[in-house]
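Colleague: Just a sequence and a predicted model for now, questions to come.
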Amino acid sequence: MRLYSLSVLYKGDPRVRLLKAASDVSTFNFFQRSSVQEFMTFTSQLIVERSEPGSRASVKEQEYLCHVYVRSDGLAGVAIADTEYPPRVCFTLLDKVLDEFSRQVSRMDWPSGSPATIAYGALDGYLSKYQVWPPRS
């Protein structure tokens with residue numbers, strides 16, 4: 001049971017913006033890593049784009065489950081995991097990440113932000129802690 005990626009996005013008009021992301025592609029073949037990374041980024045943006053504000057969903061894509069939560073304010077989170085990873089854990093983690101992100105990053109920065117300009121460093125820690133379920137202490 002493994003978590004591969006956590007992303008925070010903003011569902012604005014006219015398009016979805018990636019604000020911050022953390023992923024671990026170390027379990028993939030060295031030559032596949034960049035394409036797996038691109039797949040995760042593209043899939044995260046596409047799923048948020050197709051989701052309604054205020055909704056949660058789990059979407060199967062290839063051998064992964066992509067869990068998405070789009071809040072009514074447009075802030076969205078995506079967790080990409082293998083199919084055995086518990087969805088409840090993903091949604092609880094997304095709730096926690098989005099609440100923390102919205103407290104630390106000004107709402108004014110969401111429509112124009114990018115991974116390079118948004119100062120939020122907690123995603124890597126969450127990915128590391130929850131990467132394997134049950135988590136390591």
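Modeller: Looks like it came in fine.
Colleague: mind listing what's buried in the helix or strand of the chain with the lowest mean pLDDT?
Modeller: Across the helices and strands of the chain, mean confidence by mean pLDDT, DSSP states H and E is lowest for helix 33-49: a mean of 88. For helix 33-49, a neighbour-count test (16 or more other C-beta atoms under 10 Å) marks 36, 37, 39, 40, 41, 43, 44, 45, 46, 47, 48 as buried. Just so you know, the C-beta spots here come from the backbone N, C-alpha and C atoms, and that holds for glycine as well.
Colleague: now, which of these sits nearest residue 122?
Modeller: Distance to residue 122 across the buried residues of helix 33-49 (C-beta to C-beta) is lowest for residue 44, with 17.5 Å.
Colleague: that older thread, now do the least confident helix or strand of the chain: which elements does it pack against?
Modeller: Applying 3 or more C-beta pairs under 8 Å, 6 or more residues apart in numbering; DSSP states H and E, one finds that helix 33-49 contacts strand 3-11, strand 16-23, strand 55-61, strand 64-70, strand 75-82.
Colleague: Looks like residue 76 contacts residue 6 (just checking).
Modeller: No - with contact defined as C-beta atoms under 8 Å, residue 76 does not reach residue 6; the gap is 11.7 Å.
Colleague: okay, the helices and strands packed on helix 33-49 in JSON lines with mean neighbour count and mean pLDDT next?
Modeller: Shown next, in JSON lines, are these (neighbours: other C-beta atoms under 10 Å; pLDDT from 0 to 100):
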{"stretch": "strand 3-11", "mean neighbour count": "25", "mean pLDDT": "94"}
{"stretch": "strand 16-23", "mean neighbour count": "21", "mean pLDDT": "93"}
{"stretch": "strand 55-61", "mean neighbour count": "14", "mean pLDDT": "93"}
{"stretch": "strand 64-70", "mean neighbour count": "23", "mean pLDDT": "95"}
{"stretch": "strand 75-82", "mean neighbour count": "25", "mean pLDDT": "95"}
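Colleague: and these as CSV, adding distance to residue 128?
Modeller: Formatted as CSV, the helices and strands packed on helix 33-49 follow (distance: least, C-beta to C-beta, whole Å):
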stretch, distance to residue 128
strand 3-11, 10
strand 16-23, 8
strand 55-61, 23
strand 64-70, 18
strand 75-82, 14
